[in-house]
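Undergrad: Quick one, what's the 3D model for this:
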Amino acid sequence: MAGKKETIPASPANDRKIRVSKNGPYLVSGSIPLIKKEILNDAEGYCSAWRDAEHYPLREQYALCRCGHSGNKPFCDGTHQRIRFEGTETAADEPYLSFADRINGPTFSLTDAEGMCVHARFCMRAGGIWNLVRQSDNKKARAIAIEEAANCPSGRLVVWDKKTGKAIEPALEPSIVVIEYPARDEHGPLWVRGGIPVESADGHMYEIRNRVTLCRCGKSKNKPFCDGSHIHD
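TA: From the prediction side, this is the model:
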């Protein structure tokens, strides 16, 4: 019927994957939704919310730029070959909890892997998540701490319920988000959400997490993951 929108059936969870190609793009498979989101500031200038800026057409497979020089961002246009992009992966193959510091509060604890910071800055509002966790016997402080941790795209910050010992994680649809921060004219990383596996160029799987961020400027010293180098562009 004329005007009927074509849809692509959702792929089984075990078909979803991001593969890092050698000195090339991220190869995405399994009909993973791709969204552009912008970081919004509150009245005091703190990062406080996300705004959907664009939903890209759903594709079974696509390639996302990793070198930072594509003329068709966020998609790859082959520029990495012309500029001889050096994309060797340098990230340590260690689980998050093996290198994260832990901060204890009355009812919550916070794990913090500072090297994973992508400078999304949601953690700075209301005195900062570190102080909020130390005040987690206060209902309002607890709620803000949970919100700030949930908005940390890289998963650097994770709040844990001390009573149950479980992480308090947001429910995220498997998807990839292109992060933009218009207020600072910053073009952030790719926010991989909902436990999508990321496979290295040599075939090993990185730790599967609810939230990780992949470098898309080509400058990270922790490839394929973002280390915040894009803020120096």
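
Undergrad: domain ranges for the protein?
TA: Per the record, the chain has its domains at 15-92+173-232, 96-161, by automatic domain parsing.

Undergrad: Can you add mean pLDDT, distance to Ala167 and mean neighbour count and give these back as TSV?
TA: Bear in mind the C-beta positions are built from the backbone N, C-alpha and C, glycine included. Shown next, in TSV, are those (pLDDT from 0 to 100; distance: least, C-beta to C-beta, whole Å; neighbours: other C-beta atoms under 10 Å):
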stretch	mean pLDDT	distance to Ala167	mean neighbour count
domain 15-92+173-232	97	8	17
domain 96-161	96	5	19
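
Undergrad: Who are the contact partners of the residue nearest to Pro153 when sequence neighbours are not counted?
TA: With sequence-adjacent residues excluded and distances taken as C-beta to C-beta, 6 or more residues apart in numbering, Pro153 is closest to Trp191, at 4.1 Å. Contact analysis of Trp191 by C-beta atoms under 8 Å, 6 or more residues apart in numbering lists Lys37, Pro153, Ser154, Ile176, Val177, Val178, Ile179, Arg211, Val212, Thr213.

Undergrad: tell me, what residue is most central in this structure?
TA: Trp191 (2.6 Å; C-alpha atoms, centre = their mean).

Undergrad: so where does that one fall, helix or strand?
TA: For Trp191, the host element (DSSP states H and E) is strand 186-193.

Undergrad: For the residue lying closest to Glu94 once chain neighbours are set aside, which residues are in contact?
TA: Distances taken as C-beta to C-beta, 6+ apart put Glu207 closest to Glu94, at 7.9 Å, once the chain neighbours are dropped. The contact partners of Glu207, taken as C-beta under 8 Å, 6+ apart, are Glu94, Pro95, Tyr96.

Undergrad: Which of the residues you listed sits closest to Cys65?
TA: Nearest to Cys65 among the contacts of Glu207 is Tyr96, at 25.9 Å by C-beta to C-beta.

Undergrad: Quick one: distance of the longest helix along the chain to the chain centre.
TA: When the chain is parsed with DSSP state H, its longest helix is helix 139-150. On the basis of C-alpha atoms, centre = their mean, to the nearest Å, helix 139-150 sits 19 Å off its chain's mean C-alpha point.

Undergrad: That one: what's the following helix or strand?
TA: Using DSSP H and E, the helix or strand that directly follows helix 139-150 along the chain is strand 157-161.

Undergrad: Partner strands of the following helix or strand past that following strand and their direction?
TA: Beyond strand 157-161 on the C-terminal side, the first helix or strand identified by DSSP H and E is strand 175-181. Within its sheet, strand 175-181 is paired with strand 34-41 (parallel), strand 186-193 (antiparallel), according to DSSP bridges.

Undergrad: Using JSON lines, lay out these together with distance to Cys217.
TA: Shown next, in JSON lines, are the strands paired with strand 175-181 (distance: least, C-beta to C-beta, whole Å):
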{"stretch": "strand 34-41", "distance to Cys217": "16"}
{"stretch": "strand 186-193", "distance to Cys217": "7"}
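
Undergrad: Lys139: which of these is closest?
TA: That would be strand 34-41 among the strands paired with strand 175-181, by C-beta to C-beta, at 25.0 Å.

Undergrad: got the residue ranges for the strands in the chain?
TA: In the chain, strands defined by DSSP state E lie at 17-20, 26-29, 34-41, 47-55, 61-64, 101-104, 108-112, 157-161, 175-181, 186-193, 198-199, 211-214, listed in chain order.

Undergrad: My read is that Pro153 contacts Ile179, right?
TA: Yes - the pair formed by Pro153 and Ile179 meets the contact definition of C-beta atoms under 8 Å, at 6.4 Å.
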